[in-house]
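Engineer: no FASTA, just this:
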């Protein structure tokens with residue numbers, strides 16, 4: 001890995017089930033994440049994804065790319081356009097720096113409304129040794 005390397009894009013269909021399951025799994029019971037009627041009453045066109053689900057998807061994107069030995073060191077994200085059911089979020093990333101076994105990756109998740117998430121992830125990727133490949 002080196003600065004400038006681009007990660008393959010990952011398209012994630014934004015379903016109502018993903019939004020609700022992510023909110024419940026992270027114990028975020030705010031009605032705007034699971035009740036479309038109440039979300040509309042509060043001015044949203046529908047339920048929308050919470051930041052904890054987005055954070056988990058960003059982490060998955062990084063660890064899927066770097067492999068099972070990768071360890072997240074920090075995830076710093078900022079939300080923008082909401083993720084609503086029926087849209088698709090496409091995650092992209094670029095390695096911006098490498099220090100030893102730690103890479104810094106700039107991540108963007110875009111949907112039909114614009115950038116849903118932008119941020120920086122630091123990930124440790126231990127070097128593979130020849131002995132581990134032989135086992």
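Structural biologist: Great, that's in hand. As the structure is a prediction and not an experimental result, all values here were calculated from the model. Residues are numbered from 1 along each chain as shown.

Engineer: need the contact list for residue 81.
Structural biologist: 111, 113, 114, 115, 116 (C-beta atoms under 8 Å, 6 or more residues apart in numbering). For the C-beta atoms, the positions are set from N, CA and C on the backbone; glycine is no exception.

Engineer: Throw together a ChimeraX command that grabs the buried residues out of the residues you listed.
Structural biologist: Listed next is the ChimeraX selection for buried residues among those, using 16 or more other C-beta atoms under 10 Å:
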select :111,116
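
Engineer: Turn the contacts of residue 81 into CSV, including secondary structure and distance to residue 44.
Structural biologist: As requested, these are exported to CSV (DSSP: H, G, I helix; E, B strand; the rest coil; distance: C-beta to C-beta, whole Å):
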residue, secondary structure, distance to residue 44
111, strand, 15
113, coil, 12
114, strand, 16
115, strand, 18
116, strand, 14
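
Engineer: Tell me the one of the contacts of residue 81 nearest residue 52?
Structural biologist: Nearest to residue 52 out of the contacts of residue 81 is residue 116 (C-beta to C-beta; 13.8 Å).

Engineer: what's the longest helix in this structure?
Structural biologist: helix 51-66 (DSSP state H).

Engineer: buried stuff in the host helix or strand of residue 91?
Structural biologist: Using DSSP states H and E, residue 91 falls within strand 88-99. By neighbour count on 16+ other C-beta under 10 Å, the buried set for strand 88-99 is 89, 91, 93, 95, 98.

Engineer: For residue 41, see how far away the most centrally placed residue in the chain is.
Structural biologist: The centroid of the chain falls nearest to residue 58 when counting by C-alpha atoms, centre = their mean (1.8 Å). Here residue 58 is placed at a distance of 30 Å from residue 41 (C-beta to C-beta, to the nearest Å).

Engineer: all strands of the chain, in order?
Structural biologist: 6-13, 71-79, 88-99, 102-111, 114-124 (DSSP state E).

Engineer: Which of those sits closest to residue 51?
Structural biologist: Closest of the strands of the chain to residue 51 is strand 71-79, at 5.7 Å (criterion: C-beta to C-beta).
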